[in-house]
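Trainee: Any chance you could fold what I've pasted below:
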Amino acid sequence: MNSTQPWTKWIDTDIVHSLYADGIEEFGGLRSTANDGCIDAALGAAYSAELYSMPEVDEETIVSGITFCGYLLFYISTKHCWSDGNKRAAWKSAMWVLSTMGLTIDAPNSEVIAYCLDIADHKIDKGEDVVNWLADRLREL
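Mentor: Predicted coordinates:
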């Protein structure tokens, strides 16, 4: 794992690319190369959100990394780094981050799919909403 960026304690660019490839392999779709810098931008924006967003949340009531995870799901879904498979890559990346914290999401696949579609279609237009959706469904592995 590349340790030059602070978010690599949870995930790095290589892992995101690998999770994208796994999603295409598992579910099909058009494999493509990510737009230059797109994944790094999503990771950086998600980390910035971890540091500076949601100031009304008491730091003792939220697990470090949950905001990063929610914003990562939001940014990878909405930035469309690849021509296909963005939602799968976003979801797999978010679940990877949660797994590093010993957490997962308790939601039926149909709800997850509908929610990820809503993010990608900009019906969910704030990363904060994604963080709250995830937080409401967290459970330990």
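Trainee: got the residue ranges for the helices in the protein?
Mentor: Ranges of helices in the chain, per DSSP state H, are 13-27, 38-52, 66-79, 86-100, 109-120, 127-135.
Trainee: Output those in CSV, with distance to W7 and mean neighbour count appended to each entry.
Mentor: Placement of C-beta: from N, CA and C, glycine included. Output for the helices of the chain, formatted as CSV (distance: least, C-beta to C-beta, whole Å; neighbours: other C-beta atoms under 10 Å):
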stretch, distance to W7, mean neighbour count
helix 13-27, 10, 17
helix 38-52, 4, 19
helix 66-79, 6, 26
helix 86-100, 9, 22
helix 109-120, 20, 15
helix 127-135, 15, 20
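Trainee: closest one to Q5 among those helices?
Mentor: helix 38-52 (7.0 Å; C-beta to C-beta).
Trainee: Now do that closest one: everything it contacts.
Mentor: 5-7, 11-13, 16-17, 64-65, 67-72, 74-76, 79, 81, 127 (C-beta atoms under 8 Å, 6 or more residues apart in numbering).
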